[in-house]
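Q: Sharing a sequence plus its predicted fold:
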Amino acid sequence: MIQKNEFFESIVNNRQKHPERLNASFNRIEEVLQILSIVKADEIIEKCKTEIDHSRNQLTDNEGVYVYKTINSLCTEKELKRIAELLFLSEISTKEAISLHEEYKIPVSHLEKDIIPISGDGAWITDNVNRRFLDMDSNYSATNLGMSNREIALGIYNQAIQLISMKEDRVHIPRTRFLKNIHEMLPDGLTQFYWQNSGGEAVDKALKIAKAYTKNAGVVAMKGGFHGRTHGAVSVTYEEKYRKPFFLHNQDWVHFVEFNDAEAVKNLFEKNKAKTVILELVQGEEAGIRPAEREFPKKLRDICDQYNGVMIVDEIQTGFGRTAEKENQWFASMVYDVIPDIMTIGKSFGGGYPVTAVVTNKQVSNAMKPGYDGSTFGGNPMAMVAAMIATRQMREKNITKNVIERSQQIINGLKRIRDENNSIGEIRGLGLMLSFQLSSPEKVAEFQKEIARNGVKTSLSTREWVRFLPPLIISKTDVDFLLKAIAQTLQII
Ligand SMILES: Cc1ncc(COP(=O)(O)O)c(C=O)c1O
(Lines give C-alpha, C1' and ligand atoms only; values in the text may rest on other atoms or scores of the structure.)
Protein backbone atom coordinates (compact mmCIF):
# COMPACT_ATOMS: atom_id res chain seq x y z
CA MET A 1 0.00 0.00 0.00
CA ILE A 2 1.22 3.48 -0.84
CA GLN A 3 2.18 5.60 2.16
CA LYS A 4 0.05 8.74 2.44
CA ASN A 5 3.10 11.00 2.70
CA GLU A 6 4.69 9.30 -0.31
CA PHE A 7 1.83 10.40 -2.56
CA PHE A 8 1.88 13.86 -0.98
CA GLU A 9 5.63 14.17 -1.57
CA SER A 10 5.23 13.27 -5.22
CA ILE A 11 3.34 16.59 -5.53
CA VAL A 12 4.83 18.80 -2.79
CA ASN A 13 8.50 17.97 -2.76
CA ASN A 14 10.25 17.07 0.46
CA ARG A 15 13.48 19.01 0.03
CA GLN A 16 15.20 17.25 2.93
CA LYS A 17 14.86 13.96 1.09
CA HIS A 18 15.11 15.22 -2.48
CA PRO A 19 17.01 18.51 -2.79
CA GLU A 20 17.34 17.80 -6.54
CA ARG A 21 13.57 17.84 -7.20
CA LEU A 22 10.90 20.57 -7.46
CA ASN A 23 7.21 20.70 -6.63
CA ALA A 24 5.16 19.08 -9.40
CA SER A 25 3.84 21.22 -12.20
CA PHE A 26 0.13 21.07 -12.92
CA ASN A 27 0.86 20.29 -16.59
CA ARG A 28 2.64 17.15 -15.50
CA ILE A 29 -0.25 16.15 -13.26
CA GLU A 30 -2.63 16.56 -16.22
CA GLU A 31 -0.23 14.49 -18.37
CA VAL A 32 -0.04 11.72 -15.77
CA LEU A 33 -3.83 11.57 -15.33
CA GLN A 34 -4.11 11.23 -19.10
CA ILE A 35 -1.41 8.56 -19.48
CA LEU A 36 -3.06 6.48 -16.75
CA SER A 37 -6.62 7.06 -18.08
CA ILE A 38 -7.76 8.04 -14.59
CA VAL A 39 -11.56 7.80 -14.55
CA LYS A 40 -12.23 11.09 -12.77
CA ALA A 41 -9.43 13.01 -14.50
CA ASP A 42 -11.75 15.71 -15.93
CA GLU A 43 -13.35 16.34 -12.57
CA ILE A 44 -9.95 16.59 -10.85
CA ILE A 45 -8.61 19.03 -13.45
CA GLU A 46 -11.75 21.16 -13.37
CA LYS A 47 -11.68 21.40 -9.58
CA CYS A 48 -7.97 22.14 -9.32
CA LYS A 49 -8.03 24.79 -12.02
CA THR A 50 -10.18 27.01 -9.85
CA GLU A 51 -7.37 27.16 -7.25
CA ILE A 52 -4.26 27.22 -9.40
CA ASP A 53 -2.35 30.07 -10.98
CA HIS A 54 -1.69 28.89 -14.54
CA SER A 55 0.92 31.53 -15.32
CA ARG A 56 3.33 29.50 -13.17
CA ASN A 57 4.58 26.10 -14.22
CA GLN A 58 5.18 24.87 -10.72
CA LEU A 59 2.72 24.41 -7.89
CA THR A 60 3.21 26.40 -4.69
CA ASP A 61 3.08 24.37 -1.50
CA ASN A 62 -0.49 25.55 -0.84
CA GLU A 63 -1.64 24.70 -4.35
CA GLY A 64 0.07 21.34 -3.98
CA VAL A 65 -1.87 20.61 -0.81
CA TYR A 66 -5.13 21.42 -2.62
CA VAL A 67 -4.24 19.22 -5.61
CA TYR A 68 -3.19 16.42 -3.28
CA LYS A 69 -6.48 16.58 -1.37
CA THR A 70 -8.52 16.70 -4.56
CA ILE A 71 -6.81 13.73 -6.19
CA ASN A 72 -6.84 11.83 -2.93
CA SER A 73 -10.59 12.23 -2.59
CA LEU A 74 -11.39 11.21 -6.18
CA CYS A 75 -9.00 8.30 -6.88
CA THR A 76 -8.66 4.73 -5.76
CA GLU A 77 -5.69 3.50 -3.74
CA LYS A 78 -4.35 1.76 -6.85
CA GLU A 79 -4.66 4.91 -8.95
CA LEU A 80 -2.85 6.97 -6.30
CA LYS A 81 0.02 4.55 -6.34
CA ARG A 82 0.40 4.74 -10.11
CA ILE A 83 0.11 8.54 -10.15
CA ALA A 84 2.83 8.80 -7.49
CA GLU A 85 5.08 6.43 -9.43
CA LEU A 86 4.89 8.55 -12.57
CA LEU A 87 5.33 11.80 -10.66
CA PHE A 88 8.43 10.38 -9.01
CA LEU A 89 9.81 9.58 -12.47
CA SER A 90 9.34 13.24 -13.31
CA GLU A 91 7.46 16.11 -11.73
CA ILE A 92 7.84 18.10 -15.00
CA SER A 93 5.75 17.53 -18.12
CA THR A 94 7.20 16.25 -21.40
CA LYS A 95 6.06 19.42 -23.12
CA GLU A 96 7.76 21.73 -20.64
CA ALA A 97 11.00 19.71 -20.63
CA ILE A 98 11.22 19.85 -24.41
CA SER A 99 10.19 23.47 -24.75
CA LEU A 100 12.76 24.69 -22.19
CA HIS A 101 15.48 22.75 -24.02
CA GLU A 102 14.37 24.13 -27.37
CA GLU A 103 14.29 27.63 -26.02
CA TYR A 104 17.67 27.62 -24.30
CA LYS A 105 19.93 25.23 -26.24
CA ILE A 106 22.62 26.63 -28.55
CA PRO A 107 21.87 24.38 -31.53
CA VAL A 108 25.28 22.73 -31.85
CA SER A 109 23.56 19.37 -32.36
CA HIS A 110 20.08 17.97 -32.96
CA LEU A 111 18.01 17.83 -29.82
CA GLU A 112 16.90 14.22 -29.18
CA LYS A 113 13.32 14.47 -28.04
CA ASP A 114 11.88 11.03 -28.72
CA ILE A 115 12.85 9.51 -25.37
CA ILE A 116 13.35 11.38 -22.09
CA PRO A 117 15.37 8.93 -20.01
CA ILE A 118 14.76 9.03 -16.28
CA SER A 119 16.38 6.01 -14.75
CA GLY A 120 18.51 3.00 -15.53
CA ASP A 121 18.56 -0.57 -14.32
CA GLY A 122 21.18 -2.91 -15.77
CA ALA A 123 21.13 -2.44 -19.54
CA TRP A 124 17.63 -0.93 -19.43
CA ILE A 125 16.36 2.63 -19.36
CA THR A 126 12.98 3.87 -18.15
CA ASP A 127 11.63 7.09 -19.61
CA ASN A 128 9.38 9.79 -18.18
CA VAL A 129 6.20 8.05 -19.34
CA ASN A 130 7.27 4.66 -17.96
CA ARG A 131 8.37 3.01 -21.20
CA ARG A 132 11.35 0.69 -20.97
CA PHE A 133 14.13 0.44 -23.55
CA LEU A 134 17.12 -1.80 -23.95
CA ASP A 135 20.03 0.64 -24.18
CA MET A 136 22.26 0.03 -27.20
CA ASP A 137 24.05 3.36 -26.94
CA SER A 138 25.38 3.61 -23.33
CA ASN A 139 25.43 7.38 -23.70
CA TYR A 140 28.09 7.13 -26.43
CA SER A 141 29.82 4.38 -24.46
CA ALA A 142 30.04 6.40 -21.24
CA THR A 143 27.97 4.00 -19.15
CA ASN A 144 29.56 0.58 -19.66
CA LEU A 145 28.35 -0.44 -16.21
CA GLY A 146 24.77 0.68 -16.83
CA MET A 147 22.87 3.93 -16.34
CA SER A 148 22.73 3.83 -12.54
CA ASN A 149 25.21 2.68 -9.94
CA ARG A 150 24.52 2.57 -6.20
CA GLU A 151 28.12 2.07 -5.16
CA ILE A 152 29.36 5.05 -7.19
CA ALA A 153 26.42 7.13 -5.91
CA LEU A 154 27.30 6.32 -2.31
CA GLY A 155 30.99 7.01 -2.89
CA ILE A 156 30.25 10.36 -4.52
CA TYR A 157 27.83 11.28 -1.73
CA ASN A 158 30.37 10.44 0.97
CA GLN A 159 33.03 12.41 -0.85
CA ALA A 160 30.80 15.43 -1.55
CA ILE A 161 29.94 15.92 2.10
CA GLN A 162 33.65 15.74 2.94
CA LEU A 163 35.60 17.55 0.18
CA ILE A 164 33.78 18.31 -3.07
CA SER A 165 36.56 19.87 -5.11
CA MET A 166 40.33 20.12 -5.33
CA LYS A 167 42.55 21.22 -8.19
CA GLU A 168 44.71 18.95 -10.31
CA ASP A 169 47.98 20.21 -8.82
CA ARG A 170 47.32 19.34 -5.19
CA VAL A 171 47.88 16.02 -3.48
CA HIS A 172 44.62 14.52 -2.29
CA ILE A 173 43.54 11.19 -0.87
CA PRO A 174 40.79 10.06 -3.32
CA ARG A 175 43.33 10.27 -6.18
CA THR A 176 45.90 8.42 -4.09
CA ARG A 177 43.43 5.60 -3.51
CA PHE A 178 42.83 5.37 -7.25
CA LEU A 179 46.54 5.33 -8.06
CA LYS A 180 47.15 2.45 -5.68
CA ASN A 181 44.98 0.17 -7.77
CA ILE A 182 44.87 1.17 -11.41
CA HIS A 183 48.18 0.07 -12.89
CA GLU A 184 47.27 -3.57 -13.45
CA MET A 185 44.67 -2.45 -16.03
CA LEU A 186 47.03 -0.32 -18.12
CA PRO A 187 49.53 -1.31 -20.82
CA ASP A 188 53.08 -1.76 -19.49
CA GLY A 189 54.98 1.47 -19.00
CA LEU A 190 51.96 3.80 -19.28
CA THR A 191 52.17 5.07 -15.74
CA GLN A 192 51.88 8.86 -15.87
CA PHE A 193 48.48 10.61 -15.74
CA TYR A 194 47.24 14.05 -16.65
CA TRP A 195 43.64 14.37 -15.52
CA GLN A 196 40.89 16.04 -17.58
CA ASN A 197 37.10 16.25 -17.69
CA SER A 198 36.09 15.41 -21.25
CA GLY A 199 37.43 13.37 -24.13
CA GLY A 200 38.07 16.39 -26.34
CA GLU A 201 40.10 18.02 -23.59
CA ALA A 202 42.19 14.86 -23.10
CA VAL A 203 42.95 14.74 -26.85
CA ASP A 204 43.87 18.44 -26.80
CA LYS A 205 46.31 17.89 -23.94
CA ALA A 206 47.71 14.73 -25.53
CA LEU A 207 48.57 16.77 -28.63
CA LYS A 208 50.30 19.41 -26.50
CA ILE A 209 52.33 16.77 -24.67
CA ALA A 210 53.31 15.09 -27.96
CA LYS A 211 54.42 18.40 -29.45
CA ALA A 212 56.42 19.28 -26.34
CA TYR A 213 58.18 15.93 -26.65
CA THR A 214 58.79 15.77 -30.42
CA LYS A 215 59.50 19.51 -30.73
CA ASN A 216 57.64 19.23 -34.01
CA ALA A 217 54.20 20.82 -34.62
CA GLY A 218 53.10 18.28 -37.24
CA VAL A 219 50.50 15.62 -36.47
CA VAL A 220 49.32 12.82 -38.73
CA ALA A 221 45.66 11.88 -38.30
CA MET A 222 43.48 9.31 -40.03
CA LYS A 223 40.78 9.78 -42.62
CA GLY A 224 37.54 8.64 -40.97
CA GLY A 225 38.90 9.45 -37.52
CA PHE A 226 37.01 11.23 -34.74
CA HIS A 227 38.63 12.78 -31.68
CA GLY A 228 36.16 15.30 -30.24
CA ARG A 229 35.15 18.92 -30.59
CA THR A 230 37.66 21.12 -28.80
CA HIS A 231 39.85 23.26 -31.08
CA GLY A 232 42.70 20.76 -31.06
CA ALA A 233 40.64 17.58 -31.10
CA VAL A 234 38.43 18.75 -33.95
CA SER A 235 41.49 19.80 -35.93
CA VAL A 236 42.58 16.15 -36.08
CA THR A 237 39.02 14.90 -36.74
CA TYR A 238 38.56 14.07 -40.40
CA GLU A 239 35.01 15.12 -41.32
CA GLU A 240 35.34 18.57 -42.86
CA LYS A 241 31.91 19.77 -41.78
CA TYR A 242 33.14 19.68 -38.17
CA ARG A 243 36.17 21.86 -38.97
CA LYS A 244 35.26 24.21 -41.78
CA PRO A 245 32.82 26.53 -39.93
CA PHE A 246 35.66 27.33 -37.54
CA PHE A 247 38.38 27.80 -40.17
CA LEU A 248 40.12 24.64 -39.00
CA HIS A 249 40.03 22.81 -42.32
CA ASN A 250 43.36 24.00 -43.65
CA GLN A 251 45.69 23.70 -40.71
CA ASP A 252 49.27 23.34 -41.83
CA TRP A 253 50.20 21.18 -38.83
CA VAL A 254 47.59 18.45 -39.55
CA HIS A 255 48.12 15.80 -42.24
CA PHE A 256 45.34 13.31 -42.97
CA VAL A 257 46.25 9.93 -44.41
CA GLU A 258 44.21 6.86 -45.35
CA PHE A 259 43.39 4.61 -42.39
CA ASN A 260 45.77 1.60 -42.49
CA ASP A 261 48.33 3.39 -44.71
CA ALA A 262 51.54 3.12 -42.69
CA GLU A 263 53.73 4.16 -45.63
CA ALA A 264 52.01 7.56 -45.80
CA VAL A 265 52.79 8.14 -42.12
CA LYS A 266 56.40 7.11 -42.65
CA ASN A 267 56.75 9.53 -45.56
CA LEU A 268 55.58 12.46 -43.48
CA PHE A 269 57.88 11.49 -40.58
CA GLU A 270 60.80 11.08 -42.97
CA LYS A 271 60.28 14.56 -44.41
CA ASN A 272 60.05 15.93 -40.87
CA LYS A 273 56.56 17.26 -41.59
CA ALA A 274 55.25 15.48 -38.49
CA LYS A 275 56.48 13.37 -35.60
CA THR A 276 53.15 12.49 -33.99
CA VAL A 277 50.44 10.15 -35.19
CA ILE A 278 46.99 9.95 -33.64
CA LEU A 279 44.38 7.26 -34.29
CA GLU A 280 41.52 5.19 -32.96
CA LEU A 281 42.21 1.46 -33.28
CA VAL A 282 38.53 0.95 -34.01
CA GLN A 283 37.17 4.01 -35.76
CA GLY A 284 33.82 4.78 -34.19
CA GLU A 285 31.76 7.91 -34.64
CA GLU A 286 32.62 8.79 -38.21
CA ALA A 287 33.49 5.48 -39.82
CA GLY A 288 30.52 3.49 -38.52
CA ILE A 289 32.78 1.12 -36.51
CA ARG A 290 35.85 0.19 -38.50
CA PRO A 291 38.62 -1.85 -36.84
CA ALA A 292 42.18 -1.19 -38.01
CA GLU A 293 43.86 -3.92 -40.03
CA ARG A 294 45.72 -6.24 -37.66
CA GLU A 295 49.28 -5.22 -38.53
CA PHE A 296 48.71 -1.48 -38.95
CA PRO A 297 49.23 -0.40 -35.30
CA LYS A 298 52.43 -2.44 -35.05
CA LYS A 299 53.77 -0.80 -38.22
CA LEU A 300 53.03 2.61 -36.71
CA ARG A 301 54.81 1.55 -33.52
CA ASP A 302 57.91 0.66 -35.56
CA ILE A 303 57.79 3.96 -37.47
CA CYS A 304 57.49 5.94 -34.23
CA ASP A 305 60.42 3.99 -32.75
CA GLN A 306 62.50 4.59 -35.86
CA TYR A 307 61.90 8.36 -35.96
CA ASN A 308 61.54 8.98 -32.21
CA GLY A 309 57.94 9.94 -32.90
CA VAL A 310 54.89 9.73 -30.67
CA MET A 311 52.02 7.31 -31.20
CA ILE A 312 48.79 8.53 -29.62
CA VAL A 313 46.02 5.97 -29.42
CA ASP A 314 42.66 7.52 -28.65
CA GLU A 315 40.98 4.90 -26.43
CA ILE A 316 38.21 7.20 -25.26
CA GLN A 317 35.56 5.00 -26.83
CA THR A 318 37.43 1.69 -27.14
CA GLY A 319 38.79 1.68 -23.58
CA PHE A 320 37.77 -0.18 -20.45
CA GLY A 321 36.96 -3.51 -22.04
CA ARG A 322 34.70 -2.50 -24.91
CA THR A 323 36.77 -4.17 -27.62
CA ALA A 324 38.08 -7.19 -25.68
CA GLU A 325 38.76 -10.43 -27.53
CA LYS A 326 40.40 -12.05 -24.52
CA GLU A 327 39.76 -11.61 -20.82
CA ASN A 328 41.39 -8.55 -19.21
CA GLN A 329 42.10 -6.83 -22.52
CA TRP A 330 41.05 -3.49 -21.08
CA PHE A 331 42.17 -1.44 -24.07
CA ALA A 332 42.14 -1.96 -27.84
CA SER A 333 45.94 -1.49 -27.71
CA MET A 334 46.05 -4.81 -25.80
CA VAL A 335 43.93 -6.49 -28.48
CA TYR A 336 46.35 -5.23 -31.16
CA ASP A 337 49.33 -5.98 -28.93
CA VAL A 338 50.95 -2.55 -29.17
CA ILE A 339 51.97 -0.10 -26.48
CA PRO A 340 51.35 3.49 -27.57
CA ASP A 341 53.37 6.39 -26.19
CA ILE A 342 50.19 8.18 -25.19
CA MET A 343 46.69 6.92 -24.59
CA THR A 344 43.64 9.11 -24.08
CA ILE A 345 40.95 7.58 -21.89
CA GLY A 346 37.50 8.75 -20.84
CA LYS A 347 33.81 7.95 -21.35
CA SER A 348 33.22 4.90 -19.08
CA PHE A 349 36.26 5.64 -16.93
CA GLY A 350 34.07 7.03 -14.13
CA GLY A 351 31.10 4.72 -14.75
CA GLY A 352 29.27 7.69 -16.28
CA TYR A 353 30.69 10.42 -14.05
CA PRO A 354 32.91 12.74 -16.15
CA VAL A 355 36.58 11.88 -15.77
CA THR A 356 39.17 11.54 -18.51
CA ALA A 357 42.94 11.42 -18.71
CA VAL A 358 46.04 11.43 -20.84
CA VAL A 359 48.23 8.47 -19.90
CA THR A 360 51.82 8.27 -21.04
CA ASN A 361 55.25 6.84 -20.24
CA LYS A 362 57.90 8.51 -18.10
CA GLN A 363 60.04 9.59 -21.06
CA VAL A 364 57.28 11.50 -22.87
CA SER A 365 55.88 12.80 -19.60
CA ASN A 366 59.24 14.41 -18.76
CA ALA A 367 58.85 16.77 -21.72
CA MET A 368 56.20 18.66 -19.76
CA LYS A 369 57.43 21.25 -17.25
CA PRO A 370 55.60 22.99 -14.39
CA GLY A 371 53.58 25.87 -15.88
CA TYR A 372 53.04 24.18 -19.26
CA ASP A 373 49.44 23.31 -18.40
CA GLY A 374 46.88 23.18 -15.59
CA SER A 375 43.34 22.21 -14.71
CA THR A 376 40.92 23.32 -12.00
CA PHE A 377 38.70 20.26 -12.10
CA GLY A 378 40.98 17.61 -13.62
CA GLY A 379 41.17 14.56 -11.33
CA ASN A 380 38.98 16.19 -8.69
CA PRO A 381 37.99 14.14 -5.64
CA MET A 382 34.48 13.25 -6.94
CA ALA A 383 35.90 12.16 -10.30
CA MET A 384 38.58 10.03 -8.64
CA VAL A 385 36.04 8.34 -6.37
CA ALA A 386 33.91 7.50 -9.43
CA ALA A 387 36.93 6.26 -11.40
CA MET A 388 38.23 4.13 -8.54
CA ILE A 389 34.88 2.46 -7.92
CA ALA A 390 34.03 2.05 -11.62
CA THR A 391 37.37 0.47 -12.54
CA ARG A 392 37.21 -1.82 -9.49
CA GLN A 393 33.72 -2.95 -10.54
CA MET A 394 34.96 -3.62 -14.08
CA ARG A 395 37.62 -5.97 -12.67
CA GLU A 396 35.39 -7.59 -10.08
CA LYS A 397 32.55 -8.20 -12.51
CA ASN A 398 35.05 -9.59 -15.03
CA ILE A 399 33.25 -7.60 -17.72
CA THR A 400 35.70 -8.49 -20.49
CA LYS A 401 34.43 -12.10 -20.28
CA ASN A 402 30.90 -10.85 -20.83
CA VAL A 403 32.07 -8.66 -23.73
CA ILE A 404 33.54 -11.69 -25.49
CA GLU A 405 30.44 -13.85 -24.97
CA ARG A 406 27.84 -11.21 -25.84
CA SER A 407 29.83 -10.07 -28.86
CA GLN A 408 29.75 -13.59 -30.29
CA GLN A 409 26.06 -13.90 -29.45
CA ILE A 410 25.21 -10.67 -31.29
CA ILE A 411 27.39 -11.45 -34.33
CA ASN A 412 26.03 -15.00 -34.65
CA GLY A 413 22.48 -13.75 -34.18
CA LEU A 414 22.92 -11.03 -36.83
CA LYS A 415 24.31 -13.61 -39.26
CA ARG A 416 21.31 -15.88 -38.65
CA ILE A 417 18.96 -12.95 -39.28
CA ARG A 418 20.89 -12.11 -42.46
CA ASP A 419 20.44 -15.68 -43.70
CA GLU A 420 16.70 -15.14 -43.58
CA ASN A 421 16.49 -11.46 -44.44
CA ASN A 422 18.93 -10.06 -46.96
CA SER A 423 18.47 -6.41 -45.93
CA ILE A 424 21.53 -6.69 -43.65
CA GLY A 425 24.83 -6.14 -45.47
CA GLU A 426 28.24 -6.24 -43.82
CA ILE A 427 28.55 -6.85 -40.07
CA ARG A 428 31.70 -5.46 -38.45
CA GLY A 429 33.36 -4.44 -35.22
CA LEU A 430 35.28 -5.70 -32.25
CA GLY A 431 33.91 -6.77 -28.85
CA LEU A 432 30.80 -4.78 -28.08
CA MET A 433 31.57 -2.06 -30.59
CA LEU A 434 29.55 -3.43 -33.47
CA SER A 435 27.69 -2.26 -36.53
CA PHE A 436 25.74 -3.62 -39.45
CA GLN A 437 24.90 -2.16 -42.79
CA LEU A 438 21.48 -1.41 -44.24
CA SER A 439 20.74 -0.20 -47.76
CA SER A 440 20.69 3.57 -47.04
CA PRO A 441 20.77 6.21 -44.27
CA GLU A 442 16.99 6.57 -44.72
CA LYS A 443 16.54 2.85 -44.04
CA VAL A 444 18.67 3.20 -40.92
CA ALA A 445 16.48 6.07 -39.67
CA GLU A 446 13.36 3.98 -40.33
CA PHE A 447 14.94 0.99 -38.59
CA GLN A 448 15.83 3.04 -35.53
CA LYS A 449 12.37 4.52 -35.23
CA GLU A 450 10.69 1.16 -35.58
CA ILE A 451 12.99 -0.75 -33.22
CA ALA A 452 12.31 1.89 -30.55
CA ARG A 453 8.67 0.76 -30.76
CA ASN A 454 9.99 -2.72 -30.02
CA GLY A 455 11.77 -1.43 -26.91
CA VAL A 456 15.32 -0.88 -28.16
CA LYS A 457 17.09 2.48 -27.99
CA THR A 458 19.74 2.90 -30.68
CA SER A 459 20.41 6.58 -31.14
CA LEU A 460 23.66 5.87 -32.94
CA SER A 461 24.16 5.60 -36.66
CA THR A 462 26.68 6.64 -39.29
CA ARG A 463 25.36 6.89 -42.84
CA GLU A 464 24.09 3.39 -43.74
CA TRP A 465 25.57 1.81 -40.59
CA VAL A 466 23.56 0.99 -37.48
CA ARG A 467 25.98 1.11 -34.58
CA PHE A 468 25.69 -0.72 -31.28
CA LEU A 469 27.51 0.30 -28.12
CA PRO A 470 25.58 -1.55 -25.40
CA PRO A 471 26.59 -1.38 -21.76
CA LEU A 472 29.20 -4.09 -21.18
CA ILE A 473 27.03 -5.68 -18.50
CA ILE A 474 24.32 -6.55 -21.04
CA SER A 475 22.99 -10.06 -20.30
CA LYS A 476 22.35 -13.07 -22.51
CA THR A 477 18.58 -12.57 -22.10
CA ASP A 478 18.93 -8.92 -23.10
CA VAL A 479 20.78 -9.91 -26.28
CA ASP A 480 18.06 -12.49 -27.06
CA PHE A 481 15.55 -9.65 -26.72
CA LEU A 482 17.66 -7.44 -29.00
CA LEU A 483 17.99 -10.05 -31.73
CA LYS A 484 14.26 -10.75 -31.68
CA ALA A 485 13.54 -7.02 -31.94
CA ILE A 486 15.97 -6.66 -34.88
CA ALA A 487 14.38 -9.57 -36.74
CA GLN A 488 10.87 -8.20 -36.14
CA THR A 489 11.86 -4.68 -37.15
CA LEU A 490 13.51 -5.79 -40.39
CA GLN A 491 10.35 -7.65 -41.34
CA ILE A 492 8.30 -4.47 -41.02
CA ILE A 493 10.50 -1.82 -42.64
C1 LIG B 1 37.40 8.38 -30.04
C2 LIG B 1 36.83 9.59 -29.37
N3 LIG B 1 37.66 10.55 -28.95
C4 LIG B 1 37.19 11.66 -28.35
C5 LIG B 1 35.85 11.85 -28.14
C6 LIG B 1 35.36 13.10 -27.48
O7 LIG B 1 34.90 12.85 -26.20
P8 LIG B 1 33.98 13.92 -25.42
O9 LIG B 1 32.65 13.92 -26.10
O10 LIG B 1 33.94 13.40 -24.01
O11 LIG B 1 34.69 15.24 -25.52
C12 LIG B 1 34.95 10.88 -28.57
C13 LIG B 1 33.50 11.09 -28.39
O14 LIG B 1 32.65 10.47 -28.96
C15 LIG B 1 35.45 9.71 -29.20
O16 LIG B 1 34.64 8.75 -29.64
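A: Cool, got the structure. Residues are numbered from 1 along each chain as shown.
Q: how about Ser365, what does it touch?
A: Ser365 is in contact with 192, 209, counting by C-beta atoms under 8 Å, 6 or more residues apart in numbering. Yep, even glycine has a C-beta here, placed from its N, CA and C like the rest.
Q: mind running it again at 7 Å?
A: Gln192 (C-beta atoms under 7 Å, 6 or more residues apart in numbering).
Q: Point out the residues in the protein that sit beside the ligand.
A: Within the chain, the residues that sit near the ligand (C-beta under 6 Å from any ligand atom) are 140, 198-200, 203, 226-228, 280, 284-285, 314, 316-317, 346.
Q: Lowest-confidence one in these?
A: In terms of pLDDT, Glu285 ranks lowest among the residues of the chain next to the ligand, with 83.
Q: excluding its backbone neighbours, what's nearest that one?
A: Closest residue to Glu285 apart from its sequence neighbours, by C-beta to C-beta, 6 or more residues apart in numbering: Phe226 at 3.8 Å.
Q: Please identify the helix or strand for the one you found.
A: Remark: Phe226 resides in no helix or strand, with elements defined by DSSP states H and E.
Q: State the distance from it to Arg150.
A: With the distance defined as C-beta to C-beta, to the nearest Å, Phe226 ends up 33 Å from Arg150.
Q: residue contacts, the residue nearest to Glu285?
A: By C-beta under 7 Å, 6+ apart, the contact list for Phe226 reads 237, 284-286.
Q: Got a ChimeraX select line for the buried ones in the residues you listed?
A: Command for ChimeraX that selects the buried part of the contacts of Phe226, burial taken from 16 or more other C-beta atoms under 10 Å:
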select :237,284,285,286
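Q: Tell me how many other residues crowd the closest residue to the ligand within the stretch 51-200 of the chain.
A: Closest to the ligand within the stretch 51-200 of the chain is Gly199: 2.1 Å, counting by C-beta to the nearest ligand atom. The local packing of Gly199 (other C-beta atoms under 10 Å) involves 27 other residues.
Q: nearest to Asp114, of the residues of the chain next to the ligand?
A: Closest to Asp114 out of the residues of the chain next to the ligand is Tyr140 (16.6 Å), distances taken as C-beta to C-beta.
Q: helix, strand or coil for that closest one?
A: Following DSSP: H, G, I helix; E, B strand; the rest coil, Tyr140 is assigned to helix.
Q: measure it to Ile451 for me?
A: The gap separating Tyr140 from Ile451 is 18 Å, by C-beta to C-beta.
Q: which residues does Phe178 contact?
A: 384, 387-388.
Q: What residue, apart from its backbone neighbours, is nearest it spatially?
A: Nearest residue to Phe178 in three dimensions, chain neighbours excluded: Met388, at 4.2 Å (C-beta to C-beta, 6+ apart).
Q: Could you verify that that neighbour is part of a helix?
A: Yes - under three-state DSSP, Met388 sits within a helix.
Q: Would you enumerate the residues in contact with Phe193?
A: Phe193 makes contact with 357, 359, according to C-beta under 7 Å, 6+ apart.
Q: Check whether it sits in a helix, strand or coil.
A: The three-state assignment at Phe193 reads strand, by three-state DSSP.
Q: Quick one, grab the pLDDT at it.
A: On the pLDDT scale, Phe193 is placed at 98.
Q: Could you report the neighbour count for the nearest residue to Leu469 once chain neighbours are set aside?
A: Nearest non-adjacent residue to Leu469, counting by C-beta to C-beta, 6+ apart: Ser141, 4.6 Å away. When neighbours are counted by other C-beta under 10 Å, Ser141 registers 24.
Q: Ser141 and Gly346 touch, don't they?
A: No - using C-beta atoms under 7 Å, Ser141 is not in contact with Gly346, being 9.4 Å away.
Q: can you list the weak-confidence ranges in the stretch 1-150 of the chain?
A: Flagging of the stretch 1-150 of the chain using pLDDT under 70 yields the residue ranges 1-4.
Q: Would you map the helices across it?
A: 4-11, 26-35, 41-49, 61-74, 77-89, 94-104, 138-141, 150-160 (DSSP state H, counting those that start in this stretch).
Q: ok, back up a step: let me have the contacts of Phe226 in JSON lines, adding secondary structure as columns.
A: Shown next, in JSON lines, are the contacts of Phe226 (three-state DSSP):
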{"residue": "Thr237", "secondary structure": "coil"}
{"residue": "Gly284", "secondary structure": "coil"}
{"residue": "Glu285", "secondary structure": "coil"}
{"residue": "Glu286", "secondary structure": "coil"}
